[in-house]
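1. Sequence and predicted structure below; questions after.
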Amino acid sequence: MELRAMAHFLSHIVPFTAYPYKGEAAACNLCGSDSTVDICRKDRRWKTLGTVACAECGLMRTQPMPSDSELEAYYRSEYRADYQMASGSPPKFHTTRSLRDARARLTKLSAFIRPGQRVLDFGCGSGEFLMLAREQGCSVLGIEPGEVFARYARETHGIDIINAPWQAVDLPDGQFDLITSNHVVEHLRAPVDAIGAMARWLAPGGALFLSVPDMRPNDRPAFERFHFAHVHGFVPATLQAAAARHGLVPADGEPLTDTTAIFRHARPDERPAPLPPPGLANTLAEGYPDSSIAAYVLSGRYFRAAGRRFRNWRRDTFRVAVSSSR
């Protein structure tokens with residue numbers, strides 16, 4: 001069993017090979033189109049991984065898409081070990097970053113955090129945000145499919161956690177005053193449907209905080225932007241359109257300028273945003289030109305990026321170690 005587990009783990013990290021999944025063809029979860037534009041054929045581990053953009057609306061996705069059973073198995077028992085080196089409990093660097101992010105999220109949502117508010121964290125991880133919200137007098141609940149992190153949130157923070165995939169969660173409509181989902185829906189096979197579930201669970205007058213990586217092209221090589229755990233990629237226009245599918249609009253009434261936003265239910269006189277124009281896919285493809293892995297390595301950029309990641313890991317691990325020894 002251990003040898004099989006080790007072989008499976010290695011199959012996720014050996015470069016220039018395919019990931020150990022079969023996958024299947026999948027239509028766009030935002031508009032239903034099967035037409036695509038190629039974006040990239042490698043990922044940040046230099047493994048074979050196809051990323052396309054929907055030719056109609058621009059939503060990016062992995063192609064072929066992992067099946068429901070493949071994704072469920074991966075997130076239930078493999079994802080945390082694969083990307084965060086977690087086995088029995090969350091690693092120190094994760095809890096440091098999670099607490100830092102939770103404090104920033106709490107500050108951004110200060111107008112919505114009040115005693116007595118009912119708060120749901122969709123994909124709550126190790127539970128730091130819910131711990132802080134509870135300290136503010138809120139009633140809190142988390143959804144977390146990963147067994148290790150759900151157990152940690154329960155045992156360490158005393159948080160009520162639903163340890164199940166979101167599709168298996170049955171909650172009453174309109175139950176929560178605030179719902180947050182921080183870098184979660186990009187991991188889902190049906191992210192627009194998941195946003196729909198959150199919209200149903202959101203009470204009238206409530207707020208939905210959504211944050212996903214902003215996948216607009218930047219100065220990093222294309223293959224550095226994609227990896228197996230993120231099966232969808234959003235830009236501001238596609239995130240706003242995904243929320244609009246379920247009657248949600250930006251809380252401030254303005255078009256999104258990035259992919260972290262607060263939404264609310266649209267008023268009767270408001271019209272949610274339409275789908276992005278078909279040209280978005282080609283614009284994204286042009287912004288992600290073919291990149292050479294060899295040139296990236298020889299330029300020294302790869303080693304600078306690796307050094308930066310190591311310094312961040314050491315900093316966050318050390319900070320937790322110091323605070324826990326006091």
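-> Received the coordinates, thanks. Every value quoted in this text rests on a predicted model; they were computed, and no experiment measured them.

2. Other residues contacting the helix or strand where Q240 lies?
-> Per DSSP states H and E: Q240 is located in helix 236-244. Here helix 236-244 makes contact (C-beta atoms under 8 Å, 6 or more residues apart in numbering) with 30, 57-60, 191-192, 195, 199, 208, 210, 212, 214, 216, 234, 249-250, 255-259, 261, 263, 272-276, 280. Quick note: C-beta positions are derived from backbone N, CA and C, even for glycine.

3. Just the buried ones out of these, please.
-> Among the contacts of helix 236-244, those buried by neighbour count (16 or more other C-beta atoms under 10 Å) are 30, 57-60, 191-192, 195, 199, 208, 210, 212, 214, 216, 234, 249-250, 256, 259, 261, 263, 272-273, 275-276, 280.

4. can you give me the strands in the chain?
-> 36-42, 48-54, 60-62, 118-122, 139-143, 161-162, 176-182, 202-211, 232-233, 248-250, 260-265 (DSSP state E).

5. can I get those strands in JSON lines with mean pLDDT and distance to A305?
-> Shown next, in JSON lines, are these (pLDDT from 0 to 100; distance: least, C-beta to C-beta, whole Å):
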{"stretch": "strand 36-42", "mean pLDDT": "95", "distance to A305": "15"}
{"stretch": "strand 48-54", "mean pLDDT": "96", "distance to A305": "18"}
{"stretch": "strand 60-62", "mean pLDDT": "98", "distance to A305": "22"}
{"stretch": "strand 118-122", "mean pLDDT": "98", "distance to A305": "30"}
{"stretch": "strand 139-143", "mean pLDDT": "98", "distance to A305": "32"}
{"stretch": "strand 161-162", "mean pLDDT": "97", "distance to A305": "34"}
{"stretch": "strand 176-182", "mean pLDDT": "98", "distance to A305": "23"}
{"stretch": "strand 202-211", "mean pLDDT": "98", "distance to A305": "23"}
{"stretch": "strand 232-233", "mean pLDDT": "98", "distance to A305": "19"}
{"stretch": "strand 248-250", "mean pLDDT": "97", "distance to A305": "33"}
{"stretch": "strand 260-265", "mean pLDDT": "98", "distance to A305": "23"}
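
6. Which one of those lies nearest to S98?
-> Comparing those by their distance to S98 (C-beta to C-beta), the top pick is strand 176-182, with 9.3 Å.

7. Run through the neighbouring helices and strands of the closest one.
-> Contacts defined by 3 or more C-beta pairs under 8 Å, 6 or more residues apart in numbering; DSSP states H and E place strand 176-182 against helix 92-108, strand 118-122, helix 128-135, helix 191-201, strand 202-211.

8. if you compare the ones you listed, which one is most tucked away?
-> strand 118-122 (a mean of 24; mean count of other C-beta atoms under 10 Å).

9. For W166, give its distance to Q175.
-> 15 Å (C-beta to C-beta, to the nearest Å).

10. Please identify which of these two sits among more neighbours.
-> A direct count of neighbours by other C-beta atoms under 10 Å for W166 and Q175 places W166 higher, at 20 against 15.

11. Just give the nearest non-adjacent residue to the more buried one, would you?
-> Using C-beta to C-beta, 6 or more residues apart in numbering and skipping the chain neighbours, the partner closest in space to W166 is A194 (5.5 Å).

12. re the thing from before, got JSON lines for the strands of the chain, with distance to A104 too?
-> Formatted as JSON lines, those follow (distance: least, C-beta to C-beta, whole Å):
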{"stretch": "strand 36-42", "distance to A104": "30"}
{"stretch": "strand 48-54", "distance to A104": "28"}
{"stretch": "strand 60-62", "distance to A104": "26"}
{"stretch": "strand 118-122", "distance to A104": "14"}
{"stretch": "strand 139-143", "distance to A104": "18"}
{"stretch": "strand 161-162", "distance to A104": "22"}
{"stretch": "strand 176-182", "distance to A104": "10"}
{"stretch": "strand 202-211", "distance to A104": "10"}
{"stretch": "strand 232-233", "distance to A104": "23"}
{"stretch": "strand 248-250", "distance to A104": "19"}
{"stretch": "strand 260-265", "distance to A104": "10"}
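
13. so which of those strands comes closest to F93?
-> Among the strands of the chain, strand 176-182 comes nearest to F93, with 17.0 Å by C-beta to C-beta.

14. Quick check: neighbours of that closest one in the sheet, parallel or antiparallel?
-> strand 118-122 (parallel), strand 202-211 (parallel) (DSSP bridges).

15. Now tabulate those in a markdown table and tack on distance to R304.
-> As requested, the strands paired with strand 176-182 are exported to a markdown table (distance: least, C-beta to C-beta, whole Å):
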| stretch | distance to R304 |
| --- | --- |
| strand 118-122 | 35 |
| strand 202-211 | 27 |
